[in-house]
Structure formats: C-alpha cells, structure tokens
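# Okay, predicted coordinates and the sequence, questions at the end:
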Amino acid sequence: MIYIYNAGPLFSEADQKQRMIEGILLREVGLGLVDYFVANPIDLPLDQSKPLSSQTIFEMDNSHIQNANVFFFELATGDTGTMVELGMAIQRLINGEKIEIYPIFSDLRLVRNSASGIECPVGFNSFVTGSLTFHQIPTYPDFNSALQVFKRSLAASIKH
C-alpha cells in the first residue's frame, strides 16, 4: 500500500490553501490505484466545532506518521510541528524501515540569490539539513518538483 503523509504549516490562509492544493494533486496521482491513501492534515476529519487539544492533534497525526511510507515535508518555514514530524520519519529510517521522504525547501531567497541546495546561508537548521544529507535524501525547491519525482518512482514501482 502507498500511504502518503503530507506535512507543512497550516497557520496562515496561504499555508492552508497550499496544503489543500497539494492534497488534491497527491490524490490525483493515485486515481485508479486501489492501495493508495493520502493523509493530508488540512483535509482530515476533526471536530472543528470545539477547541482541539494538542493531544488530539498529536494522536491523529502520529497515527498517520506511523502508517505512512511516503512523506512530503514543507520545511522552508521552520515550522516546529513539521520538524518534529520529519524527525519521527527520520527515526523510522534509522530503524531500517523502507520509506520515501520528499523534503521541500520552497524559499524564494534561494532562487533570487542564485543559491542552490540546502547548504546555503539562508538560515536552515544544520541538524535538520544534516539529517537529510546524512541519509542521502535529495531536497526539492518546490512541491511540484517533489511530486514529479514521486510520480516517476511510483510508475517505476508499478512496472515491477
């Protein structure tokens, strides 16, 4: 089964809109596939009529993080929740689990300043970027780039 978890900040209107678009695009990729699920926190059913406890949010997200085998992470903002989720996924890699991670650093300063990669002086945490480079996980400048690589990986795995 392909079980995708899409992580990123959800605090601004722009964040929420972007995560919704990403959810739509990820679900489109899986059309026609039986064993395909996208856990996109912005789309997950939670009772919004009352305050949500932090424990409820953790329990919901953690259950998906533990079940997912494909992860998309928007990391450019340094959102602490997304960073914890990335750490949980990295620990699964350390434990020998076979998962795919698509980290996205959609920071326009990179392009604007002709900077490339995550080892550049725009303020990315070295421990976070080191966890990716140590595990030889490529990073992507935007969601679309990561999505295209995922589509190719999925197509290759379906052929086998």
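Sure, I can see it. Residues are numbered from 1 along each chain as shown.
# same question for stretch 74-86, mean pLDDT?
Averaging pLDDT along stretch 74-86 gives 94.
# Stretch 18-36 too?
Rounded mean pLDDT across stretch 18-36 is 94.
# Also stretch 104-121?
Per-residue pLDDT over stretch 104-121 has a mean of 66.
# where along this protein do the helices fall?
13-29, 54-67, 80-94, 108-112, 126-134, 143-159 (DSSP state H).
# Okay, buried residues for the fifth one please.
The neighbour-count check on helix 126-134 (16 or more other C-beta atoms under 10 Å) flags Val128, Thr129, Ser131, Leu132 as buried. All C-beta atoms are positioned from the backbone trio N, CA, C, and that covers glycine.
# residues in contact with it?
By C-beta atoms under 8 Å, 6 or more residues apart in numbering, the residues outside helix 126-134 that reach it are Leu75, Met83, Leu86, Gly87, Ile90, Ile101, Pro103, Ile118, Glu119, Thr139.
# List buried residues within those.
Leu75, Met83, Leu86, Ile90, Ile101, Pro103, Ile118, Thr139.
# I'd say Met83 and Thr77 touch.
No. Using C-beta atoms under 8 Å, Met83 is not in contact with Thr77; the gap is 9.7 Å.
# pLDDT and distance to Met1 for the buried residues of helix 126-134 - can I get that in CSV?
Below are these laid out as CSV (pLDDT from 0 to 100; distance: C-beta to C-beta, whole Å):
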residue, pLDDT, distance to Met1
Val128, 89, 28
Thr129, 85, 30
Ser131, 93, 26
Leu132, 92, 25
